[in-house]
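Participant: here is a sequence with its predicted model. Questions after.
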Amino acid sequence: MTYSLTQGAVQRIMNGEDIRNPVLQILGLKKITASQGNVQDRYRLLLSDGLCQASSAMLATQLNGMAESGQLEINTIIQMDKYLCNQVNNDRRVIIMLQVSVLNPGSVVGGKIGDPVNYQPGMNSNLQGQQIGTTPNPQGQIKSSIPPKPQGFLGKGGPAQPPQMPAFYGNKGTSGVAGGAGGASTGPIGAVFEIDSLTPYQNRWTIKARVTKKSGIRTWSNSRGEGKLFSIDLIDQSGEIRATAFNQECDKFYEMIEANKVYYISKAALKTANKAYTTIKNDYEMTFNHDTQLVPCNEAAADIPQMQHDFVPINGLAQISKDSLVDIIGVCKHAADTSTIVTKTTNKELTKRELTLVDDTNTEVRLTLWGDEAEKFNPTGNAIVAVKGARVSDFGGVSLSALMSSTTTINPDISEAHRLRGWWDSVGNTVQTSSLTGAGGMGGGGPVNWKTFLDVQLENLGHGNAPDWFTVKACVVFFRKENSLYQACPTEQCNKKVIDSGDGTYRCEKCGKDFNSFKWRMILSMNLADFTESTWATCFSDGGEALLGVSAQELGDMKVNDEDGFNRVFEAAMFKPQILKMRVKTDTYNDETRLKTVCVAVSPVNWKEYNKKLVEDIHKLAAL
């Protein structure tokens with residue numbers, strides 16, 4: 001059988017030329033075990049074009065599976081669809097294989113094609129990279145003729161430059177230094193690459209991208225020193241990437257960069273992205289260094305898109321794990337006034353504002369804005385709020401928080417916002433909604449996930465990776481009153497238990513301070529029952545105050561001064577039907593795993609709305 005190799009390709013690639021989709025043969029494959037500084041094994045290959053062979057070829061780590069599965073066995077004929085040839089010192093180049101197609105397995109080829117010699121820098125060649133039919137044979141001879149060398153290329157006509165071809169091939173466009181493909185443009189500081197074609201294996205590239213978000217300057221101080229940084233999110237037609245500038249580069253670039261402007265950027269470092277802190281859909285992130293170049297794009301840039309979102313419907317947040325980052329959009333149904341808190345770690349004062357967002361799933365959730373965004377938000381007019389990279393919390397049910405890395409847009413000019421505005425103006429402002437946060441909506445219409453305590457047992461709720469939420473109509477049949485209260489730190493945001501010093505002061509170890517007073521906090525342990533089963537649950541101050549009808553401070557004063565009144569409060573709260581929103585999740589303590597049930601919100605039964613729910617349930621059952 002005859003096979004085709006791109007003869008002369010190895011030598012020309014190693015000499016710095018660019019060959020489109022060269023067809024080569026694998027003559028050797030060696031695994032390089034990961035060292036302490038590398039997290040993945042690498043594979044080194046011996047590649048041949050039938051005339052010349054080179055051992056300085058490395059497989060990109062994302063292709064390790066091809067080597068491990070045996071697809072790249074010895075004698076296999078491949079086509080390099082995408083590759084780079086990087087110069088690592090003055091006389092040595094390394095081929096990085098980024099995308100490979102197997103044309104003929106080694107077991108079918110059955111042997112080495114030709115009699116290739118080792119590549120040496122400075123070798124001369126009269127081959128033009130033609131693909132020529134060849135047949136493996138024991139003597140290693142190539143059974144085909146090579147076309148004569150054309151005049152003008154290392155021939156009698158004198159040296160001539162070979163045609164310029166892209167160094168980086170595939171579906172992604174590049175240009176400039178790396179050649180040109182498909183009419184790609186060249187920027188003022190080099191070849192323009194698309195963002196999703198960038199990899200750490202490249203050393204010459206430029207992107208043309210829009211800044212969709214620019215963070216403020218943040219500082220840090222730890223045992224290794226102190227510093228500052230800011231980050232930007234960049235987008236082009238192909239994708240997104242985050243870039244960060246530290247210390248000197250922070251000072252250099254911060255004033256130069258403006259949000260929503262387009263820039264040419266080159267010579268930044270690329271590394272694997274930390275997905276825990278970003279929703280940017282890119283495996284890599286960019287770091288500016290002293291070589292980084294940034295030039296404003298002054299020509300029209302209508303081809304560069306605005307911010308990209310991957311919105312999650314609000315009713316889908318209940319299935320998303322705590323601390324996940326999501327893109328969310330909704331109508332601001334209610335906006336609270338701004339308030340201030342003191343951070344637990346830095347003792348700095350922060351401004352916050354809580355919004356209630358609702359969408360056309362008839363579900364609402366609480367979103368917290370911080371800092372300048374909280375202060376600048378206009379609470380009137382039921383604005384459409386879109387947040388990219390909000391963090392999911394299980395505080396008070398399911399809630400969201402806009403981080404410093406999040407991007408919040410008010411009334412964005414996108415199709416999802418226009419659709420929500422039409423829904424809100426037509427029916428949304430009057431529709432009955434359920435809330436994922438706190439007690440909102442539990443009296444009317446009810447949350448979608450109604451369960452009985454028997455349902456919770458039969459469906460094994462709480463045993464997954466994320467907590468499960470459900471709503472139940474139940475009553476308290478027993479309280480453990482003896483440990484229902486504790487003395488807590490009097491500061492607004494710290495609820496840590498204080499230590500009585502015995503001299504009239506109370507010590508908060510978390511805040512590291514002594515106080516002359518404390519505040520009472522509830523932590524109720526109670527047995528709940530519905531018509532099917534009973535369960536033990538915990539309820540904290542907000543829910544406990546709604547359940548008992550008194551504040552934690554009033555209950556604490558009764559415990560000290562009026563024991564009979566203290567007992568009457570608990571007796572009055574028992575056997576009274578309530579609508580309870582519950583959170584259930586397995587918890588492991590001292591190697592013992594148990595199901596932990598927490599009551600996160602309490603509201604009285606709206607019998608009219610609850611009866612409507614029962615009628616709907618009957619109709620559903622009758623339709624079965």
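Facilitator: Yep, it's here. Numbers count the residues shown, from 1 in each chain.

Participant: can you give me the strands in the stretch 301-450 of the chain?
Facilitator: With DSSP state E, counting those that start in this stretch as the criterion, the stretch 301-450 of the chain has strands at 325-335, 339-342, 349-358, 363-370, 384-393, 399-410, 434-435.

Participant: export those strands to JSON lines and append columns for mean pLDDT, mean neighbour count and distance to residue 464.
Facilitator: C-betas here are computed from N, CA, C, even on glycine. Formatted as JSON lines, the strands of the stretch 301-450 of the chain follow (pLDDT from 0 to 100; neighbours: other Cβ atoms under 10 Å; distance: least, Cβ to Cβ, whole Å):
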{"stretch": "strand 325-335", "mean pLDDT": "92", "mean neighbour count": "21", "distance to residue 464": "18"}
{"stretch": "strand 339-342", "mean pLDDT": "76", "mean neighbour count": "13", "distance to residue 464": "32"}
{"stretch": "strand 349-358", "mean pLDDT": "88", "mean neighbour count": "20", "distance to residue 464": "25"}
{"stretch": "strand 363-370", "mean pLDDT": "91", "mean neighbour count": "23", "distance to residue 464": "20"}
{"stretch": "strand 384-393", "mean pLDDT": "91", "mean neighbour count": "23", "distance to residue 464": "15"}
{"stretch": "strand 399-410", "mean pLDDT": "87", "mean neighbour count": "20", "distance to residue 464": "20"}
{"stretch": "strand 434-435", "mean pLDDT": "81", "mean neighbour count": "23", "distance to residue 464": "21"}
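
Participant: show me the shaky parts of the protein.
Facilitator: 34-40, 87-91, 123-190, 302, 342-347, 396, 438-448, 493, 624 (pLDDT under 70).

Participant: just give the number of residues close to residue 79.
Facilitator: Residues near residue 79, counting by other Cβ atoms under 10 Å, number 14.

Participant: before we move on, the earlier item: right, and the strands of the stretch 301-450 of the chain - which one's nearest residue 551?
Facilitator: For those, proximity to residue 551 was assessed by Cβ to Cβ; strand 339-342 is nearest, at 18.8 Å.

Participant: about what we covered before: got CSV for the strands of the stretch 301-450 of the chain, with distance to residue 45 too?
Facilitator: Shown next, in CSV, are the strands of the stretch 301-450 of the chain (distance: least, Cβ to Cβ, whole Å):
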stretch, distance to residue 45
strand 325-335, 38
strand 339-342, 58
strand 349-358, 53
strand 363-370, 51
strand 384-393, 40
strand 399-410, 40
strand 434-435, 58
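
Participant: which residue ranges form the helices in the stretch 201-350 of the chain?
Facilitator: 247-253 (DSSP state H, counting those that start in this stretch).

Participant: returning to what we had before: ok, which of the strands of the stretch 301-450 of the chain comes nearest residue 230?
Facilitator: Closest among the strands of the stretch 301-450 of the chain, using Cβ to Cβ: strand 399-410, at 10.2 Å.

Participant: look through the protein and tell me its longest helix.
Facilitator: helix 607-622 (DSSP state H).

Participant: mind listing what's buried along it?
Facilitator: residue 610 (16 or more other Cβ atoms under 10 Å).

Participant: coming back round to it: do you know which of the strands of the stretch 301-450 of the chain lies nearest residue 424?
Facilitator: strand 325-335 (4.6 Å).

Participant: just checking, what packs against that closest one?
Facilitator: strand 349-358, strand 363-370, strand 384-393, strand 399-410, helix 415-423 (3 or more Cβ pairs under 8 Å, 6 or more residues apart in numbering; DSSP states H and E).

Participant: export these to JSON lines and tack on distance to residue 55?
Facilitator: Below are the helices and strands packed on strand 325-335 laid out as JSON lines (distance: least, Cβ to Cβ, whole Å):
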{"stretch": "strand 349-358", "distance to residue 55": "58"}
{"stretch": "strand 363-370", "distance to residue 55": "55"}
{"stretch": "strand 384-393", "distance to residue 55": "45"}
{"stretch": "strand 399-410", "distance to residue 55": "44"}
{"stretch": "helix 415-423", "distance to residue 55": "53"}
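
Participant: please name whichever of the ones you listed is nearest to residue 274.
Facilitator: Taking these one by one with Cβ to Cβ, strand 399-410 is closest: 11.0 Å.

Participant: residues in contact with the closest one: which ones?
Facilitator: The contact list for strand 399-410 (Cβ atoms under 8 Å, 6 or more residues apart in numbering) reads 212-213, 215-216, 218, 231, 233, 277-278, 307, 317, 325-326, 328, 357, 365-371, 373, 377-378, 383-393, 436-437.

Participant: CA atoms of it as CSV?
Facilitator: This file holds the C-alpha atoms of strand 399-410, laid out as CSV (Å, rounded to 0.1, in the frame of the first residue of the first chain):
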residue,chain,number,x,y,z
SER,A,399,-29.6,33.8,47.9
LEU,A,400,-27.1,35.5,45.6
SER,A,401,-24.2,37.9,46.2
ALA,A,402,-22.5,40.1,43.6
LEU,A,403,-18.7,39.7,44.1
MET,A,404,-15.9,42.2,43.3
SER,A,405,-15.3,40.0,40.2
SER,A,406,-19.0,40.1,39.2
THR,A,407,-20.3,42.4,36.5
THR,A,408,-23.7,44.1,37.2
THR,A,409,-25.6,45.7,34.4
ILE,A,410,-28.8,47.7,34.8
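
Participant: that strand pairs with which strands?
Facilitator: Sheet pairing here is set by DSSP bridges, and for strand 399-410 it gives strand 363-370 (parallel), strand 384-393 (antiparallel).

Participant: strands of the stretch 151-300 of the chain, start to end?
Facilitator: Under DSSP E, counting those that start in this stretch, the stretch 151-300 of the chain gives strands at 186-187, 190-193, 206-214, 218-222, 225-235, 240-246, 262-266, 269-272, 284-287, 293-296.
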